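Undergrad: here are the coordinates; sequence isn't available:
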């Protein structure tokens, strides 16, 4: 019998929480009230309405979970929160790549806004995750924890999240938490469940117990067993069906004091066009995709094991290269690797797994769950005898996609950004086009940060630079080896399509295979989940989308096939 969300004491607590509605007119009033209190004498700066409302919401509720669309000005909110909340020891948790930009923004705010003295201590998520910083929060003893880009902490089991969780539980009412994000979740309410509980405690509109929250997730989430929307858990008191349950949850969430969800485009008057662009055809790549789809291996024999490795190999091949082990692994190691990858695929792709209430989708999960299997035991015994990470090189087989990117750059005199999911491709494009490349640390070859980039054609890693930066001068962008996530695309789009943008924005989504074509549709579906459960409309669903369909022939059918 399928599990069911139960009518519990915690459900009654949630149902009985006070409700309130938000409006832009109220936000404008808050801006009129708070602006003169928070700006310096002689300054003419104005708080945006939703910035002011967010500050008021956090102060009134001694904590908040704030979901503002990308480009709404969360940086200034973070700097002013310690003032309105009368904090003495605040910390601001940010991505490591944002540190230089945050200091630069803070310098610009001085003399314009009444900033906290001392300002919030900057702590990166990566820094907090280090074993050496296991007790950093206990040493700093913050009375206010501000988390910008809080979706980076969506995995409650991560080191940084565990440390915040432990500190918040130990301090109880002695610490306040404000978590801010423009992209709350991909496919599950569990991505922000713990963040809301940190911020609001017993006033959280979600179950306090993880087990009960997981039941809610089973009823509401975007990807359930068998690929069903909403999963196999019956909604019970949440509603008669998935649609009703999501509507009830969205209303309960957004009407709760301390939860601020603003579904307002950060650049409502600026057209945003998203175009599917097909990479140049290439017979050599068609042949490699043939092997990949049939044998589930890259040209060097590196096998697919789970969806992540499939996406990685598909994306690399589409860019024109693959990873080769050098020197090659011993035959017994390669055989064991191939066998365990085949076993992992069989479990992940099995009908039983897809029907499961908690399906597995990674190699690590399979190996933990089936550690006594003979194939797994053989692999564990031999895997450390050869380390591919330390013995690999990039092999190029085609420059067709590189040429596609060069052609795109040359189509206009306006500066463009080529966002890359492959470091090898990004470096090759940078070298061929003599372009600055802003890599994993958000800096180019000369150490300049992306926030200080010259307005010219540039190459950037989307994995490292998809957040924080204001890149309005680049109103045309190309995404190569794109992410399978509306959340990440929202961040990329928001670098240029944001408040203050004056020019129409065009984003080209480069499609190199059936896998990358599918990833776009996955992102569209994911954005629909956000709209139904959080009431946030992401840019991909606001945009004008121009799709393109590849010409499929017997020679390239495997390149455009999907699994």
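TA: Received the coordinates, thanks. Model, not experiment: these values are computed from the prediction.

Undergrad: what are the ranges of the strands in the stretch 51-200 of the chain?
TA: Remark: strands assigned in the stretch 51-200 of the chain by DSSP state E, counting those that start in this stretch are 64-68, 90-94, 121-124, 144-147, 176-181.

Undergrad: Can you convert those strands into CSV and add a column each for mean neighbour count?
TA: Where C-beta positions appear, they are placed from N, C-alpha and C, glycine not excepted. Formatted as CSV, the strands of the stretch 51-200 of the chain follow (neighbours: other CB atoms under 10 Å):
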stretch, mean neighbour count
strand 64-68, 28
strand 90-94, 25
strand 121-124, 18
strand 144-147, 26
strand 176-181, 26
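
Undergrad: Let me know which of these is the nearest to residue 245.
TA: Of all the strands of the stretch 51-200 of the chain, strand 64-68 sits nearest to residue 245, with 19.7 Å by CB to CB.

Undergrad: Give the buried residues for stretch 531-540.
TA: Across stretch 531-540, burial judged by 16 or more other CB atoms under 10 Å covers 531-540.

Undergrad: Where does pLDDT dip in the stretch 351-500 of the chain?
TA: For the stretch 351-500 of the chain, applying pLDDT under 70 flags the ranges 356-358.

Undergrad: For it, just list every one of the helices.
TA: Assigned helices in the stretch 351-500 of the chain, in chain order: 351-355, 363-369, 374-382, 400-410, 423-433, 462-465, 486-494 (criterion: DSSP state H, counting those that start in this stretch).

Undergrad: out of these, deepest packed?
TA: Across the helices of the stretch 351-500 of the chain, the average number of neighbours (mean count of other CB atoms under 10 Å) peaks for helix 486-494, which reaches a mean of 25.

Undergrad: Contacts made by the following helix or strand past that helix with the rest, please.
TA: Downstream of helix 486-494, the first helix or strand assigned by DSSP states H and E is strand 505-511. Contact with strand 505-511 is made by 267, 270-279, 401, 404-405, 408, 475-482, 492-493, 496-497, 516-517, 520, 543, 548, 550, as judged by CB atoms under 8 Å, 6 or more residues apart in numbering.

Undergrad: Kindly recompute the last result at 6 Å.
TA: Contacts of strand 505-511 with the rest of the structure, by CB atoms under 6 Å, 6 or more residues apart in numbering, involve 272-279, 475-480, 482, 496-497, 517, 520.

Undergrad: From these, keep the buried residues only.
TA: When these are checked for burial by 16+ other CB under 10 Å, the buried set is 272, 274-279, 475-480, 482, 496-497, 517, 520.

Undergrad: So, low pLDDT: which residues of the stretch 151-300 of the chain?
TA: Using pLDDT under 70, the flagged stretches of the stretch 151-300 of the chain are 223-232.

Undergrad: Who are the packing partners of the longest helix seen in the chain?
TA: The longest helix of the chain (DSSP state H) is helix 514-533. Applying 3 or more CB pairs under 6 Å, 6 or more residues apart in numbering; DSSP states H and E, one finds that helix 514-533 contacts helix 242-254, helix 486-494.

Undergrad: tell me the angle that helix makes with strand 505-511.
TA: Going by axes from the mean of the first three to the mean of the last three CA atoms, to 10 degrees, helix 514-533 is angled at 130 degrees with respect to strand 505-511.

Undergrad: which outside residues touch stretch 548-563?
TA: Stretch 548-563 is contacted from outside by 276, 278, 286, 289-290, 293, 513-514, 518, using CB under 6 Å, 6+ apart.

Undergrad: Closest to residue 134 out of those?
TA: Closest to residue 134, out of all of the contacts of stretch 548-563 and judged by CB to CB, is residue 518, at 40.4 Å.

Undergrad: Run a quick neighbour tally on the closest one.
TA: Residues near residue 518, counting by other CB atoms under 10 Å, number 16.

Undergrad: With residue 208 instead?
TA: By other CB under 10 Å, 14 other residues sit near residue 208.

Undergrad: Which helix or which strand is home to it?
TA: For residue 208, there is no host helix or strand (DSSP H and E).

Undergrad: From residue 198, how far off is it?
TA: Distance, residue 208 to residue 198, using CB to CB, to the nearest Å: 11 Å.

Undergrad: One more: residue 508?
TA: Remark: distance between residue 508 and residue 198 (CB to CB) = 39 Å.

Undergrad: Looking at the two, which has the bigger crowd around it?
TA: Comparing residue 508 with residue 198 by other CB under 10 Å, the one with more neighbours is residue 198, at 26 against 23.

Undergrad: so what's the more buried one up against?
TA: Counting by CB under 6 Å, 6+ apart, residue 198 touches 168, 177.

Undergrad: could the strands of the stretch 51-200 of the chain be laid out in CSV, adding distance to residue 155?
TA: Output for the strands of the stretch 51-200 of the chain, formatted as CSV (distance: least, CB to CB, whole Å):
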stretch, distance to residue 155
strand 64-68, 17
strand 90-94, 15
strand 121-124, 16
strand 144-147, 14
strand 176-181, 14
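
Undergrad: what's the closest of those strands to residue 391?
TA: Distance to residue 391, taken as CB to CB, is lowest for strand 121-124 among these, at 30.7 Å.

Undergrad: Give me the sheet partners of that closest one and which way each runs.
TA: Next to strand 121-124 in the sheet, as set by DSSP bridges, lie strand 90-94 (parallel).

Undergrad: can you state the direction angle for the partner strand and strand 176-181?
TA: Using the same axes, to 10 degrees: strand 90-94 against strand 176-181 is 20 degrees.

Undergrad: Show me what the mean pLDDT comes to for strand 90-94.
TA: Averaging pLDDT along strand 90-94 yields 97.

Undergrad: Please look at residue 38 and residue 114 and confirm they touch.
TA: Yes: at 5.4 Å, residue 38 counts as touching residue 114 under the criterion of CB atoms under 6 Å.

Undergrad: ok, these two, which is more surrounded?
TA: residue 38 (22 against 17).

Undergrad: Please list all residues in contact with that one.
TA: If you count contacts by CB under 6 Å, 6+ apart, residue 38 has them with 80, 113-114.

Undergrad: Torsion angles phi and psi at it?
TA: Here is the backbone geometry of residue 38 (degrees, to the nearest 10): phi -110, psi -20.

Undergrad: How is this protein divided into domains?
TA: As given by automatic domain parsing, the domain ranges for the chain are 57-205, 208-255, 272-281+396-560, 327-390.

Undergrad: Quick one, which of the ones you listed gets closest to residue 308.
TA: Closest to residue 308 of these, according to CB to CB: domain 327-390, at 6.8 Å.

Undergrad: so how far is the closest one off the chain centroid?
TA: Its chain's average C-alpha position is 27 Å from that of domain 327-390, according to CA atoms, centre = their mean, to the nearest Å.

Undergrad: before we move on, what about stretch 42-60?
TA: Put simply, stretch 42-60 sits 26 Å off its chain's centre (CA atoms, centre = their mean).

Undergrad: which parts of that stretch are buried?
TA: 47-59.

Undergrad: Nearest spatial neighbour of residue 104, chain-adjacent residues omitted?
TA: Leaving aside its sequence neighbours, residue 104 sits nearest to residue 451 (CB to CB, 6 or more residues apart in numbering; 6.1 Å).

Undergrad: how far away is the one you found from residue 105?
TA: Using CB to CB, residue 451 is found at 8 Å from residue 105.

Undergrad: Right, I'll call it a day here.
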